[in-house]
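S.K.: Next input, structure requested:
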Amino acid sequence: FCSQNYPLYIRSVPTENELKFHYTVHTSLDVVDEKISAMGKALVDQRELYLGLLYPTEDYKVYGYVTNSKVKFVMVVDSSNTALRDNEIRSMFRKLHNSYTDIMCNPFYNPGDRIHSRAFDTMVNSMMMQVC
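M.R.: Numbering: from 1, shown residues only. Here you go, the predicted structure:
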């Protein structure tokens, strides 16, 4: 999500519950904003901010990450997946951040536009296959 809270890129697997995932991700933006405002000045001093577990639900766990340019990454994982630890989630967010940085370095990309990149799609799909 960009700093104005509209989505730049959304991917979900399985696709039959896509609307439920969209709702979950959009509702988590309130929690992200609360955590950012609670951090206050400390956020300005950091290059990146891993927010950790935003909130668990019965079926999913929602994690958040914010860059220094206020771009928000939200990840929803199945709560039955106990193999994912905090360090793995953090490294996945770093990969997403690095791939997003590569997109921003593309002179043909206008910041704030939806992301349409095969390299980004490939990276996201490989991460999702790793988790599933």
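
S.K.: so where's this protein uncertain?
M.R.: 40-48, 132 (pLDDT under 70).

S.K.: so residue 81, which of the three states?
M.R.: coil (DSSP: H, G, I helix; E, B strand; the rest coil).

S.K.: how far out from the middle of the chain is the longest helix along the chain?
M.R.: Secondary structure of the chain per DSSP state H: the longest helix is helix 18-39. The chain centre lies 10 Å from the centre of helix 18-39; the measure is Cα atoms, centre = their mean, to the nearest Å.

S.K.: What lies in contact with that helix?
M.R.: Residues outside helix 18-39 that contact it (Cβ atoms under 8 Å, 6 or more residues apart in numbering): 1, 5, 7, 10, 12, 43, 49, 51, 54-55, 57, 60, 62, 64, 66, 70, 72, 74, 76. In short, each C-beta sits where N, CA and C put it, glycine included.

S.K.: which of the residues you listed are buried?
M.R.: With neighbours counted by 16 or more other Cβ atoms under 10 Å, those contain buried members at 1, 12, 43, 49, 51, 54, 60, 62, 64, 66, 72, 74, 76.

S.K.: Tell me how many other residues crowd residue 21.
M.R.: Number of residues near residue 21 (other Cβ atoms under 10 Å) recorded here: 19.

S.K.: distance of it from residue 74?
M.R.: 10 Å (Cβ to Cβ, to the nearest Å).

S.K.: again, but for residue 1
M.R.: Applying Cβ to Cβ, the value for residue 1 to residue 74 is 7 Å.
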